[in-house]
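**Student:** okay, predicted coordinates and the sequence, questions at the end:
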Amino acid sequence: MGVSTTYAAFPGRIVMVGFGSIGQGVLPLILRHLAVPAERITIIEPRNDPTGEAHALGVKLLSLALTPDNYVATLDGLLGPGDFLVNVSFDVSSLALIEFCQQRGVLYVDTCIEPWPGGHTDPGVSPSERSNYAFREAALALRRAHPKGPTAIVNHGANPGLVSHFTKRALLDIAQATGVNAQPESREEWARLAMQLGVKVIHVAERDTQLAAERKLPGEFVNTWSVEAFVGEGCQPAELGWGSHERHFPADGARHGYGCDAAIYLNRPGAATRVRSWTPLEGPYHGFLITHGESISIADFLTVREGDQVRYRPTVHYAYHPCDAAVLSLHELAGKNWQLQPRWRIPREDLIGGRDELGVLLMGHGRGAYWYGSQLSIEETRRLVPYNNATSLQVTISIVAAMAWAIRHPEQGIREPDELDFRAILAMCEPYLGKLAGVYTDWTPLQNRNWPFPEDLDLDDPWQFKNFRVT
């Protein structure tokens, strides 16, 4: 496949909810790869046409904010059986939109499970109830209520989404390198392969080095993708899939007490929680343990159960080092007790260099640690497609790949990324991901530790969460 390939021909109408950095970036890819004319696409965005892109591409834009009171009437006038709803919004309930689509025969995709306004940070709601674990369990309950129906793919951007497919590719690479004959197809077969290989920990290890010509100013939040969404998830509790090998439960940790029980949360914001990780170009770094849906879904997908007992599960979590301007923005945000700065900026055309290195780091197996993922520069991004930076492109091409899969498989019901054909998704995404690298390393979180001060470490097992956590 290449950048001019038609991934699927779509005869229906498309409604996109939200037109921020991700919506702006995905629109040209939809027009390029899904063979749908611009006049059959409608965008719903309260900020009108922020860049003039919709007008330039001939797409209708409805200046409106969807709310619990108006979303049904609004969407009923725009969508019917066989159409497609693309949700790249913030503060619009994914569950409400999925329910709408299931009832009306409309295909659906989103990049995360969003609540209505306040759902990320309402102090009147317990941390468990405003976690991604709770949002996922609600989506799974909706799936049980709609066991058959139009395909709705949840949590399918770069991460969550693309990284689930990276994880499967990495497992097969490690199997080949260690002499394990593996051809897994079912969920149980993938989980048993991870157990056989001895994978204890999976990080979504990301380092963004993109740099804008204009430096961050006081009172400004700068990020290479949605400011609102990043701050929203950063203020949710830190969450991680909790592995069967772990023997030091965090003092500030808690279990949810319902559902799949594959994950725990910490009673602190993800944007205030740091962990040690590694990528090939950056080397060792400190990242933020931001909650993401893949931390739960990958851990659950790779769980081996025997009866009611969990025999195996890896620890899974995000380890995110955003662009340097975003790190400064987070530091300022925390200093204001998580009250968002009055000015926001998402650099794109004014980026002067850098890349987004996004992959999965699988640790504890026979080769130590293995990172597999995308190394995409801003220069290559600009050669490939307009209206994107390196961070957004890793998300937007994954959305289009999920849309194409849904068009080809329109009656699959509600699906998570881990349940899709990873080879088909990666084949569609690969032309846009820069260099896809697979790199082994002898790095562990114990390297160069106990200096210059002694630390409380588990020296018998480097892959314990307490060794990764920065305290």
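**Tutor:** Cool, got the structure.
**Student:** shaky segments in the stretch 101-250 of the chain?
**Tutor:** Within the stretch 101-250 of the chain, no stretch has pLDDT under 70.
**Student:** now the helices for it?
**Tutor:** Counting by DSSP state H, counting those that start in this stretch, one finds helices in the stretch 101-250 of the chain at the ranges 132-145, 162-177, 187-197, 227-235.
**Student:** can you lay out those helices as JSON lines showing mean neighbour count?
**Tutor:** For glycine as for every other residue, the C-beta is placed from the backbone atoms N, C-alpha and C. As requested, the helices of the stretch 101-250 of the chain are arranged in JSON lines below (neighbours: other Cβ atoms under 10 Å):
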{"stretch": "helix 132-145", "mean neighbour count": "19"}
{"stretch": "helix 162-177", "mean neighbour count": "23"}
{"stretch": "helix 187-197", "mean neighbour count": "18"}
{"stretch": "helix 227-235", "mean neighbour count": "22"}
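**Student:** looking at the ones you listed, which is closest to residue 28?
**Tutor:** Closest approach to residue 28 among those (Cβ to Cβ): helix 162-177, 18.6 Å.
**Student:** give me the angle between that closest one and helix 187-197.
**Tutor:** Here helix 162-177 runs at an angle of 50 degrees relative to helix 187-197 (axes from the mean of the first three to the mean of the last three Cα atoms, to 10 degrees).
**Student:** so which elements touch helix 162-177?
**Tutor:** Judged by 3 or more Cβ pairs under 8 Å, 6 or more residues apart in numbering; DSSP states H and E, the packing partners of helix 162-177 are helix 187-197, helix 293-301, strand 355-365, strand 368-377, helix 390-408, helix 422-429, strand 435-441.
**Student:** out of those, deepest packed?
**Tutor:** Across the helices and strands packed on helix 162-177, averaging neighbours per residue (mean count of other Cβ atoms under 10 Å) puts helix 293-301 on top, at a mean of 28.
**Student:** wait, which of the helices and strands packed on helix 162-177 is closest to residue 146?
**Tutor:** With Cβ to Cβ as the criterion, residue 146 lies closest to helix 390-408 of the helices and strands packed on helix 162-177, at 15.0 Å.
**Student:** heading C-terminal from the closest one, find the next helix or strand.
**Tutor:** Once the chain leaves helix 390-408, the next helix or strand it forms, by DSSP states H and E, is strand 414-415.
**Student:** tell me what that following strand is packed against?
**Tutor:** So strand 414-415, by 3+ Cβ pairs under 8 Å, 6+ apart, packs with helix 132-145, strand 152-153.
**Student:** of those, which is nearest residue 227?
**Tutor:** helix 132-145 (18.9 Å).
**Student:** before we move on, the earlier item: what's the closest of the helices and strands packed on helix 162-177 to residue 18?
**Tutor:** Nearest of these (Cβ to Cβ): helix 390-408, 11.4 Å.
**Student:** restrict that closest one to CA atoms and write it as PDB.
**Tutor:** Extracted in PDB, the C-alpha atoms of helix 390-408 (Å, rounded to 0.1, in the frame of the first residue of the first chain):
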ATOM      1  CA  ALA A 390       4.400  14.100  13.500                       C
ATOM      2  CA  THR A 391       2.200  13.500  16.600                       C
ATOM      3  CA  SER A 392      -1.100  14.000  14.900                       C
ATOM      4  CA  LEU A 393      -0.200  11.900  11.800                       C
ATOM      5  CA  GLN A 394       0.400   8.800  13.900                       C
ATOM      6  CA  VAL A 395      -3.100   9.200  15.200                       C
ATOM      7  CA  THR A 396      -4.900  10.200  12.100                       C
ATOM      8  CA  ILE A 397      -3.700   7.500   9.800                       C
ATOM      9  CA  SER A 398      -4.700   5.000  12.500                       C
ATOM     10  CA  ILE A 399      -8.200   6.500  12.500                       C
ATOM     11  CA  VAL A 400      -8.500   6.100   8.700                       C
ATOM     12  CA  ALA A 401      -7.200   2.500   8.900                       C
ATOM     13  CA  ALA A 402      -9.900   1.700  11.500                       C
ATOM     14  CA  MET A 403     -12.500   3.300   9.300                       C
ATOM     15  CA  ALA A 404     -11.500   1.200   6.300                       C
ATOM     16  CA  TRP A 405     -11.600  -1.900   8.400                       C
ATOM     17  CA  ALA A 406     -15.100  -1.000   9.600                       C
ATOM     18  CA  ILE A 407     -16.300  -0.300   6.100                       C
ATOM     19  CA  ARG A 408     -15.000  -3.800   5.000                       C
END
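**Student:** that helix vs helix 162-177, what angle?
**Tutor:** 90 degrees.
**Student:** residue 26: which of the helices and strands packed on helix 162-177 is closest?
**Tutor:** Shortest distance between residue 26 and the helices and strands packed on helix 162-177, using Cβ to Cβ, is found for helix 390-408: 4.0 Å.
**Student:** distance between the closest one and the chain's centre?
**Tutor:** Put simply, helix 390-408 sits 12 Å off its chain's centre (Cα atoms, centre = their mean, to the nearest Å).
**Student:** how about stretch 455-471?
**Tutor:** Computed by Cα atoms, centre = their mean, the chain-centroid distance of stretch 455-471 equals 26 Å.
**Student:** go on, stretch 332-346?
**Tutor:** With Cα atoms, centre = their mean as the basis, the mean position of stretch 332-346 lies at 22 Å from the chain mean.
**Student:** for that stretch, buried residues please.
**Tutor:** By neighbour count with 16 or more other Cβ atoms under 10 Å, stretch 332-346 contains the buried residues 333, 341, 345-346.
**Student:** got TSV for the helices and strands packed on helix 162-177, with distance to residue 279 too?
**Tutor:** Below are the helices and strands packed on helix 162-177 laid out as TSV (distance: least, Cβ to Cβ, whole Å):
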stretch	distance to residue 279
helix 187-197	21
helix 293-301	17
strand 355-365	5
strand 368-377	6
helix 390-408	14
helix 422-429	19
strand 435-441	9
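**Student:** for stretch 259-274, what does the pLDDT average out to?
**Tutor:** Across stretch 259-274, the average pLDDT comes to 98.
**Student:** and that stretch, how far apart are its ends?
**Tutor:** Its start and end residues considered, stretch 259-274 measures 27 Å (Cα to Cα, to the nearest Å).
**Student:** also stretch 456-470?
**Tutor:** With Cα to Cα as the measure, the ends of stretch 456-470 fall 11 Å from one another.
**Student:** show me the contact partners of it.
**Tutor:** Residues outside stretch 456-470 that contact it (Cβ atoms under 8 Å, 6 or more residues apart in numbering) are 200-201, 240, 243, 245-248, 250, 273-277, 286, 289, 315, 319, 363-364, 444-446, 449-450.
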